[in-house]
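**Student:** Quick one, structure for this:
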Amino acid sequence: MSDDEREEKELDLTSPEVVTKYKSAAEIANKALQLVLSECRPKAKIVDLCEKGDSFIREQTGNMYKNVKKKIERGVAFPTCISVNNTVCHFSPLASDEIVLEEGDMLKIDLGCHIDGFIAVVAHTHVLQEGPVTGRAADVLAAANTAAEVALRLVRPGRKNKDVTEAIQKVAAAYDCKIVEGVLSHQLKQFVIDGNKVVLSVPSPETRVDDAEFEENEVYAVDIVTSTGDGKPKLLDEKQTTIYKRAVDKSYHLKMKTSRFIFSEISQKFPIMPFSARALEEKRARLGLVECVNHDLLQPYPVLHEKSGDYVAHIKFTVLLMPNGSDRVTSHPLQELQPTKTIDDPEIKAWLALGTKTKKKGGGKKKKGKKGDKPEESAEAEPMDATTNGASSQE
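**Tutor:** As a prediction, the model looks like this:
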């Protein structure tokens, strides 16, 4: 076997070391999410919360693989975003921003961590209030959660990406909500946050993706965004965009000195992963980023909005398609929900009843769990409806 083949072979989940790196990144992402969530209270500044999430990821990853001969890249794979109410995604303001959280806000926390380029991402939605979430706010959250549970069971070897697209539409409709257009669930690979295999959230003439089949040893970021509105978000203000990713395959000779300075800084600090403009000197960045984006050297992650008054929920998890079944490595339990809708659709119930683990052939003995072992993720998920509090279904 040539070195190249060996390199290729070792970079997927067949290598225990790769699995460990994914799981370590996932553990840090889950803890970062927990930390940010614990600091979310009325009048907390959003920029401070985003910075806390990013600092925690940098600090935790910085403590790993310190004494290895070959330098291992590690850190933030996606900057911490907190998008409130009808804001759909990617809100991670600059240091000068004064926006704060308010009681009753529906906030979507989104972040990612990587170790040696092996990426774990997570997004979670929380309503800033005491007691259970009720009414349409509960519906939109239950829709996102139930769609995520169904997707977890359908993103598995042998299934097709379009099966997932169709299923999540059906789940959202059962709660009288919409899946938000333009959201993509991507395959994750080493140093690649937006792999070529993609699950489309909503089929549309503008967005076409190739049909694809999921395969064993692949990793996916499953990304579900639901809305009580029409699910067609708009870009209201380009100035709100602060997250960018370097387009590695593009080159252009920048005219402005400021742009060249900023692009050189980006190339050194953030050659591959998305980053926040907060990490750059603010005045200079505002000027320089424009020319970089205009010439496609940077890919912007725009801040999108539904209409004022619409509720938007976001759940994203990372799943490893292991030989023994699907392993969801990032998630966070939801607060108590009391949705107004009940899921009666037999097809949705059948999807939720599917297991996430693969049955082994032959009657192998079951290993006894050690004390303190985490219980296996339960195979069946409850739909969230008016009769159950589904807070338990995101283990």
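
**Student:** ok, residue 100 - how many residues close by?
**Tutor:** Around residue 100 sit 16 other residues, with neighbours defined as other CB atoms under 10 Å. From N, CA and C alone the C-beta is placed, and that goes for glycine too.

**Student:** OK, contacts around it?
**Tutor:** 42, 43, 44, 45, 46 (CB atoms under 8 Å, 6 or more residues apart in numbering).

**Student:** repeat for residue 154
**Tutor:** 163, 164, 167, 351, 354.

**Student:** related to what we said a few turns ago, just the ones of the contacts of residue 100 in helices?
**Tutor:** Judged by DSSP state H, the contacts of residue 100 include residue 46 as members of helices.

**Student:** out of the contacts of residue 100, who's nearest residue 91?
**Tutor:** Nearest to residue 91 among these: residue 46, at 7.1 Å, using CB to CB.

**Student:** I figured that closest one hits residue 98, correct?
**Tutor:** No. Using CB atoms under 8 Å, residue 46 is not in contact with residue 98; the gap is 9.1 Å.

**Student:** So these two - more neighbours on which side?
**Tutor:** Just comparing residue 46 and residue 98: by other CB under 10 Å the higher neighbour count belongs to residue 46, 23 against 8.

**Student:** how much space between that one and residue 234?
**Tutor:** According to CB to CB, to the nearest Å, residue 46 and residue 234 sit 21 Å apart.

**Student:** Now do the same contact list for the nearest residue to residue 219 once chain neighbours are set aside.
**Tutor:** Nearest non-adjacent residue to residue 219, counting by CB to CB, 6 or more residues apart in numbering: residue 188, 4.4 Å away. Contacts for residue 188 were tallied using CB under 8 Å, 6+ apart; they are 118, 119, 121, 195, 219, 220, 221, 318.

**Student:** which SSE is residue 261 in?
**Tutor:** Using DSSP states H and E, residue 261 maps to helix 257-269.

**Student:** Give me the helices and strands touching that helix, please.
**Tutor:** strand 243-246, helix 282-294 (3 or more CB pairs under 8 Å, 6 or more residues apart in numbering; DSSP states H and E).

**Student:** Out of those, flag the one nearest residue 325.
**Tutor:** Between the helices and strands packed on helix 257-269, strand 243-246 lies closest to residue 325; by CB to CB that is 31.7 Å.

**Student:** so residue 40 sits right up against residue 124, yeah?
**Tutor:** No. Using CB under 8 Å as the test, residue 40 is too far from residue 124 to be in contact (10.7 Å).

**Student:** Can you read off the pLDDT for the residue nearest to residue 219?
**Tutor:** We have a pLDDT of 97 for residue 188.

**Student:** Distance check, it against residue 194.
**Tutor:** For residue 188 relative to residue 194 (CB to CB), the value is 9 Å.

**Student:** now residue 299
**Tutor:** For residue 299 relative to residue 194 (CB to CB), the value is 9 Å.

**Student:** One more: residue 279?
**Tutor:** Residue 279 is 20 Å from residue 194, by CB to CB.

**Student:** coming back round to it: please indicate which of the contacts of residue 188 are buried?
**Tutor:** Burial by neighbour count, 16 or more other CB atoms under 10 Å: within the contacts of residue 188 this picks out 118, 119, 121, 219, 220, 221, 318.

**Student:** got the contact list for the third one?
**Tutor:** What that stands for is residue 121. Applying CB under 8 Å, 6+ apart, the residues near residue 121 are 29, 77-78, 110-113, 188, 193, 221, 316, 318, 330.

**Student:** Quick check: bridge partners of it?
**Tutor:** Following DSSP bridges, residue 121 is listed with bridge partners residue 112.

**Student:** Tell me how far the helix or strand harbouring residue 319 lies from the chain's centre.
**Tutor:** When elements are assigned from DSSP H and E, residue 319 belongs to strand 312-322. Put simply, strand 312-322 sits 6 Å off its chain's centre (CA atoms, centre = their mean, to the nearest Å).

**Student:** list the helices and strands that strand packs on?
**Tutor:** helix 16-39, strand 87-89, strand 106-115, strand 118-127, helix 135-154, strand 219-227, strand 325-328.

**Student:** Show the model's pLDDT score for the residue nearest to residue 80 when sequence neighbours are not counted.
**Tutor:** Leaving aside its chain neighbours, residue 80 sits nearest to residue 53 (3.1 Å; criterion: CB to CB, 6+ apart). As predicted, residue 53 sits at a pLDDT of 98.

**Student:** Give me the contact list for the helix holding residue 261.
**Tutor:** Counting by CB under 8 Å, 6+ apart, 244, 246, 254, 275, 279-280, 284-285, 287-292, 297-298 sit against helix 257-269.

**Student:** Neighbouring strands of the very next helix or strand once past that helix in the sheet, and parallel or not?
**Tutor:** Downstream of helix 257-269, the next assigned helix or strand under DSSP H and E is strand 275-276. If you go by DSSP bridges, strand 275-276 pairs up with strand 243-246 (antiparallel).

**Student:** Averaged pLDDT, the partner strand. What do you get?
**Tutor:** For strand 243-246, mean pLDDT is 96.

**Student:** Run the chain-centre distance for it.
**Tutor:** That offset, for strand 243-246, works out to 16 Å (CA atoms, centre = their mean).

**Student:** low-scoring pLDDT stretches of this protein, where are they?
**Tutor:** Applying pLDDT under 70 to the chain picks out residues 1-10, 359-395.

**Student:** For residue 310, which non-adjacent residue is closest in space?
**Tutor:** Counting by CB to CB, 6+ apart, the residue nearest residue 310 is residue 229, at 3.3 Å.

**Student:** The one you found and residue 85 touch, don't they?
**Tutor:** No. Residue 229 lies out of contact with residue 85 (CB under 8 Å); the separation is 11.1 Å.

**Student:** overlap in contacts of these two?
**Tutor:** Common neighbours of residue 229 and residue 85 (CB under 8 Å, 6+ apart) are 311, 312.
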